[in-house]
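Visitor: Sequence first, then the predicted structure, then my questions.
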Amino acid sequence: MYAAVDLAYDYPVLGAFWTVMWIFLWVMWLILLFRVVVDVFRDHEMSGWVKAAWLLFLFLIPFLGVLVYVIARGKDMGRREIKHAQEQQEAFNAYIRETAGSATPAKAGADDLFRLSELKAKGELSEEEFQRAKQKLLS
């Protein structure tokens, strides 16, 4: 009635290797397919009809479509990817410069106000001098 199942015998190591290999190839295929689709949309030199034709070709005959696309336009795919990465880096750098530039005066004003309050606490500034300097900083 009770039968022991020997899993190693039912699923040999070579079978596990082939399963892992096919899963890996399937994931690589999906990555390549999505990269090609993204590249079709990213290319601003292609007209809308050409993009539609490539997408139709990719979805109707995916293996042949990806192979033909990579052969015909593969070299430019790398150039477009590099250009896109450079544009993103430039936008990020501009954002950082803008953010750091706008934060600097506010921080400098706060630092000056802190120094003024320290000078007043030490007794080096009178209340009248402190108020004048504070008004000057805040305006």
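Guide: Okay, I see it.

Visitor: And the lowest mean pLDDT element among the helices and strands of the protein?
Guide: helix 7-10 (a mean of 61; mean pLDDT, DSSP states H and E).

Visitor: For the longest helix along the chain, name the packing helices and strands.
Guide: Ranked by residue count, the top helix of the chain under DSSP state H comes out as helix 62-122. Applying 3 or more C-beta pairs under 8 Å, 6 or more residues apart in numbering; DSSP states H and E, one finds that helix 62-122 contacts helix 13-42, helix 48-60, helix 127-138. Where C-beta positions appear, they are placed from N, C-alpha and C, glycine not excepted.

Visitor: how big is the angle separating it from helix 127-138?
Guide: Taking axes from the mean of the first three to the mean of the last three C-alpha atoms, to 10 degrees, helix 62-122 and helix 127-138 form an angle of 160 degrees between their directions.

Visitor: what about helix 62-122, average pLDDT?
Guide: Helix 62-122 carries an average pLDDT of 85.

Visitor: can you give me how far that helix is from the chain middle?
Guide: 11 Å (C-alpha atoms, centre = their mean, to the nearest Å).

Visitor: how far away is L119 from K134?
Guide: For L119, the distance to K134 equals 11 Å [C-beta to C-beta, to the nearest Å].

Visitor: Same question for F41.
Guide: Taking C-beta to C-beta, one finds F41 at 56 Å from K134.

Visitor: what does A16 give?
Guide: On the measure of C-beta to C-beta, A16 and K134 end up 75 Å apart.
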